[in-house]
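# 3D model of this:
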Amino acid sequence: MKPQDFIALIGPAAQACHKSQGVPASITVSQAALESGWGESGLTKTAKNLFGIKADSLWRGETVMLDTKEFIRGQWVVVPAKWRKYPTWQASVDDHAAFLKRNPRYKDCFLCVSAQTFARALLKAGYATDPDYADKLIRLIGTYSLASLDGEGV
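Next up is the predicted model:
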């Protein structure tokens, strides 16, 4: 999918989550773009999981098993993982915001005053194992002018 089409599809849902949960829309869209390969990843096509959110013991919804790459002890390794499965992309966007909001390890993200600092706080809190994760989000935000989705306050 073309980036512009992806942004047009998920942007409104991201903006709604920004208002209701406080996650900057630019973060939601950049994470979804990065994690899903602009909606083209196997996980996204199989499970409508835009954000690479794994299914932990608290998850009560459907799941799917797929391999993933993790950065462990300084190297990339392929490991099997159980992922959350959603009925729609909207459900994935909504759950992503709720997941960040209710998980105490991400509380510092919500103290941030910019999408860039939010991205760095996500990495620090352990959202991804990729040491370049925050920089990748920030680059996407700049390249595709995603900050325009945030409106005032972020």
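# And the next helix or strand past the strand or helix carrying residue 27?
Applying DSSP states H and E as the criterion places residue 27 in helix 25-36. Using DSSP H and E, the helix or strand that follows helix 25-36 in sequence is helix 42-47.
# now the helix holding residue 27, how far from the centre of its chain.
5 Å (C-alpha atoms, centre = their mean, to the nearest Å).
# before we move on, what about stretch 45-59?
On C-alpha atoms, centre = their mean, the centre of stretch 45-59 falls 11 Å from that of its chain.
# Give me the distance between the two termini of that stretch.
20 Å (C-alpha to C-alpha, to the nearest Å).
# which other residues reach it?
Applying C-beta atoms under 8 Å, 6 or more residues apart in numbering, the contact partners of stretch 45-59 are 10, 31-32, 35-36, 39, 43-44, 61-64, 66, 68, 81-89, 91-93, 95-96, 99, 128. In this view, the C-beta of every residue, glycine as well, is placed from N, C-alpha and C.
# From the contact counts, what lies against the helix holding residue 27?
The contact analysis (3 or more C-beta pairs under 8 Å, 6 or more residues apart in numbering; DSSP states H and E) places helix 25-36 against helix 3-21, helix 42-47, helix 89-102, helix 115-125, helix 133-143.
# Please produce a markdown table containing those, extended by mean neighbour count and distance to residue 57.
Below are those laid out as a markdown table (neighbours: other C-beta atoms under 10 Å; distance: least, C-beta to C-beta, whole Å):
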| stretch | mean neighbour count | distance to residue 57 |
| --- | --- | --- |
| helix 3-21 | 17 | 23 |
| helix 42-47 | 18 | 18 |
| helix 89-102 | 19 | 14 |
| helix 115-125 | 20 | 19 |
| helix 133-143 | 18 | 24 |
